[in-house]
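> predicted model and sequence follow; I will ask about them next.
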There are 2 protein chains.
Amino acid sequence: MEQILPHLDSVFSIDCVLFGFDGKELKILLIERNEEPFKDWWALPGNIVGADESLDQSAARILYELTGLRGIYMEQYYAFGDPGRHPQGRVITLAYYALIRLGGDKDLRPVSTYAKQANWLPITALPKLAFDHQKIYDKGLEKIKRRIKHQPIAFELLPEKFTLTQLQHVYELVLGKKLDKRNFRKKIVSFGVLKELDEKQKGVSYRAATLYRFDKRKYAKLFGKEISF
Amino acid sequence: MEQILPHLDSVFSIDCVLFGFDGKELKILLIERNEEPFKDWWALPGNIVGADESLDQSAARILYELTGLRGIYMEQYYAFGDPGRHPQGRVITLAYYALIRLGGDKDLRPVSTYAKQANWLPITALPKLAFDHQKIYDKGLEKIKRRIKHQPIAFELLPEKFTLTQLQHVYELVLGKKLDKRNFRKKIVSFGVLKELDEKQKGVSYRAATLYRFDKRKYAKLFGKEISF
DNA sequence: ATTACTTAGTGTAGAAAATACACACTATAT
DNA sequence: ATATAGTGTGTATTTTCTACACTAAGTAAT
């Protein structure tokens, strides 16, 4: 990230696109910067990679410091390093995306000094972003669009128990298009990686839907065979 | 890459997996190191990113210095940065792959000081590699396996004019499996991105095959629609 | 000129997967 | 009891995938 600039020839940072799903919308976590450059702009959270951290560890730390969450699914996806991308010097940054289920509970633990605030904002109405962060975000969204077609990452955005309608909703939001309910169910069930539970949805004022769980064991057995949406 | 280690906290380099196809085999370009660490080992070509270079430029420069070639298709695919990956300090490296048609002509222009020699070696018989370069290579191969199914990258390994059999051969080598001739032709032609030429193969001692060319225009029109193998 | 050799080039039938499409059921709230 | 809102299901059609074998064309040797 961008807040500290020691006097080195180049700085290596990590920026994260944290995708969150609250049951309704797809959101990302942005911070409002409290320092120059781009003071008062919204930016992706990020930081400099520590001397003894692996890249994945560094990404996990950034996420933890911001949200208090651990064990979240994260994946690096692209390095951005144009000489002009940071006004104060050479900063090469590696982008990660993360997929997070936004529960009602504690999702944000307040935040380091270079940010005024951090906020989950719906991807349908993002503000202008600092640096080249729009580009980084765009590429991140593109990446998960691709990946959700072949890897079981949609479950990372959902609670452990979920309904098929919720799952379909995640696919529709990420892919940005409507899907046919019957065909979706046929297909997703045919992969054989869902376990149907004996439990039903609660607290809804209409017919309660059956709950499912993603079955990691079954998925592990399939490996080699690719899911395809 | 690994040869120069100025006294910085961390060094940022680029390593390249240069895939070449000579009409028969798939090969990669390796250099034999002339310096510690890993003196006398084979390694992927790489170098430190220059202060005013973009990442893509840096990768292109590494390739040019080694082969004299420009305008080659290259793509970054993963960053490797474990704290222990380089015995002499923190080196974060960004991996690129390149796809090169190996003509009879000048493919190698001799080579910087930290290498004894550079050589195209068939991927079916690679030596032990320095650093974590085996891991970098493995991930690179995996990447092009995936990408060749969805993007028209096979043509980068072939001369401008090629036969369908040659094209199939490239797919088979990259994917590591045999394909059915008739089904392959049906499918690849159905994408509509090949232009059949009025020309035939020359210098073969059997029936000459029709030559084709990849039609970038037609491909550009298709965009959005994905090729799928 | 004939023959042997090597690769080019082609079609179809059956199986599997993708798509398009509409209504009855069930739980809750009033 | 009735209104409401989302759940859950089947089929026919089209498209794509797969498996499979022979003839045509050119070259080289005799």
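The structure has been received and is ready for your questions.
> walk me through the domains of chain A.
Split into domains by automatic domain parsing, chain A comes to A:11-150, A:154-222.
> tell me which of those domains sits most buried.
Of those, the one with the most neighbours on average (mean count of other CB atoms under 10 Å in any protein chain shown) is domain A:11-150, at a mean of 18. Every residue, glycine included, has its C-beta placed from N, CA and C.
> which one of the residues in chain A is closest to DNA strand C?
The minimum distance from chain A to DNA strand C, using CB to the nearest atom of the strand, falls at A:R207 (3.0 Å).
> look up how far A:T165 lies from that residue.
11 Å (CB to CB, to the nearest Å).
> do A:S190 as well
As defined by CB to CB, A:S190 lies at a distance of 18 Å from A:T165.
> what's the longest helix in chain A?
Using DSSP state H, we find that the single longest helix of chain A is helix A:133-150.
> so it, near DNA strand D or not?
No - for helix A:133-150, no contact with DNA strand D is found by CB under 7 Å from any atom of the strand; the gap never falls below 14.3 Å.
> show the subsequent helix or strand relative to that helix.
helix A:164-175 (DSSP states H and E).
> other SSEs contacting that next one?
Counting contacts by 3 or more CB pairs under 8 Å, 6 or more residues apart in numbering or on different chains; DSSP states H and E, helix A:164-175 is packed against helix A:133-150, helix A:181-190, strand A:210-214.
> contact partners for the residue nearest to A:F162 when sequence neighbours are not counted?
Counting by CB to CB, 6 or more residues apart in numbering or on different chains, A:Y212 is the residue found nearest to A:F162 once chain neighbours are left out, at 6.2 Å. Residues in contact with A:Y212 (CB atoms under 8 Å, 6 or more residues apart in numbering or on different chains) are A:161-164, A:167, A:194-197.
> turn these into a markdown table, columns for pLDDT.
Below are the contacts of A:Y212 laid out as a markdown table (pLDDT from 0 to 100):
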| residue | pLDDT |
| --- | --- |
| A:K161 | 97 |
| A:F162 | 98 |
| A:T163 | 98 |
| A:L164 | 98 |
| A:L167 | 98 |
| A:L194 | 97 |
| A:K195 | 97 |
| A:E196 | 97 |
| A:L197 | 97 |
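> pull up the gap between A:L121 and A:K128, please.
12 Å.
> A:L29 in helix, strand or coil?
Applying DSSP: H, G, I helix; E, B strand; the rest coil to A:L29 yields a three-state assignment of strand.
> so what's the spatially closest residue to it that is not a sequence neighbour bridging to?
Using CB to CB, 6+ apart and skipping the chain neighbours, the partner closest in space to A:L29 is A:L18 (4.2 Å). A:L18 has the following beta-bridge partners by DSSP bridges: A:A98.
> enumerate the residues of chain A near DNA strand C.
Close to DNA strand C, as judged by CB under 7 Å from any atom of the strand, chain A has residues A:180-183, A:186-187, A:204-208, A:228.
> farthest-apart pair in the residues you listed, please.
A:S205 and A:S228 (36.5 Å; CB to CB).
> sorry, back to before: would you turn the contacts of A:Y212 into CSV with distance to A:L222?
Listed next are the contacts of A:Y212 as CSV, based on distance: CB to CB, whole Å:
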residue, distance to A:L222
A:K161, 21
A:F162, 20
A:T163, 23
A:L164, 19
A:L167, 18
A:L194, 12
A:K195, 14
A:E196, 17
A:L197, 20
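> list phi and psi for the closest residue to A:T163 other than its chain neighbours.
Nearest non-adjacent residue to A:T163, counting by CB to CB, 6+ apart: A:A209, 3.9 Å away. The phi/psi pair for A:A209 (degrees, to the nearest 10) reads phi -90, psi 150.
> A:A209 and A:K200 touch, don't they?
Yes - contact criterion CB atoms under 8 Å: A:A209 and A:K200 qualify, at 6.8 Å.
> now do A:S54 against A:V193, distance only.
A:S54 is 29 Å from A:V193, by CB to CB.
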